[in-house]
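Trainee: Below: sequence and its predicted model.
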Amino acid sequence: EDLSLLEYEEKIDEFFAKYETAVEAAASVLGRPSFNDGMAAPGFPRDQEAEWLALWRLENARLMIQQQHQDKELPIVLLVMVAPPENGRPRG
């Protein structure tokens, strides 16, 4: 909350670059993700909440890298998540 608008935008860009770096590193091991986009994109997993999400569908789980940021006062976080396979259709 102490950041100017410019500093805030720079912080958003910094964390998006970290997200992209993490996705590239995971893709070098796991292959291209089946989904890699923002929350408004068709196919975004219905049971997840993130600004950006990369998804690898494995045989018995979903592996995800997520960037979450709920509002200006809360921190921006990068998460690596393992979740059960999807039980429903993708959002969109």
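Mentor: Structure received. Everything numeric in this text was worked out from a predicted model, so none of it was measured. Residues are numbered from 1 along each chain as shown.

Trainee: mind showing which ranges of this protein have poor pLDDT?
Mentor: Within the chain, the ranges that satisfy pLDDT under 70 run 1, 72-74, 87-92.

Trainee: quick one, strands of it?
Mentor: 35-38, 52-57, 62-68, 77-83 (DSSP state E).

Trainee: closest to Lys18 out of these?
Mentor: Counting by C-beta to C-beta, Lys18 lies closest to strand 77-83 out of the strands of the chain; the figure is 5.9 Å. (Glycine included, C-beta is placed from N, CA and C.)

Trainee: which ones are touching Lys11?
Mentor: When contacts are counted by C-beta atoms under 8 Å, 6 or more residues apart in numbering, Lys11 touches Leu3, Ile76.

Trainee: Relative to Leu3, how far out is it?
Mentor: 6 Å (C-beta to C-beta, to the nearest Å).

Trainee: same thing with Asp47?
Mentor: Using C-beta to C-beta, which is the criterion applied here, Asp47 is 31 Å from Leu3.

Trainee: Helices of the protein, start to end?
Mentor: For the chain, applying DSSP state H gives helices covering 5-30.

Trainee: pretty sure Ile65 contacts Ala22?
Mentor: Yes. If you go by C-beta atoms under 8 Å, Ile65 and Ala22 touch, sitting 5.1 Å apart.

Trainee: Can you lay out the strands of the chain as TSV showing distance to Phe16 and mean neighbour count?
Mentor: Formatted as TSV, these follow (distance: least, C-beta to C-beta, whole Å; neighbours: other C-beta atoms under 10 Å):
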stretch	distance to Phe16	mean neighbour count
strand 35-38	10	15
strand 52-57	7	21
strand 62-68	7	20
strand 77-83	10	13
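
Trainee: returning to what we had before: any shared contact partners between Ile65 and Ala22?
Mentor: With C-beta under 8 Å, 6+ apart, Ile65 and Ala22 have common neighbours Leu78, Val80.
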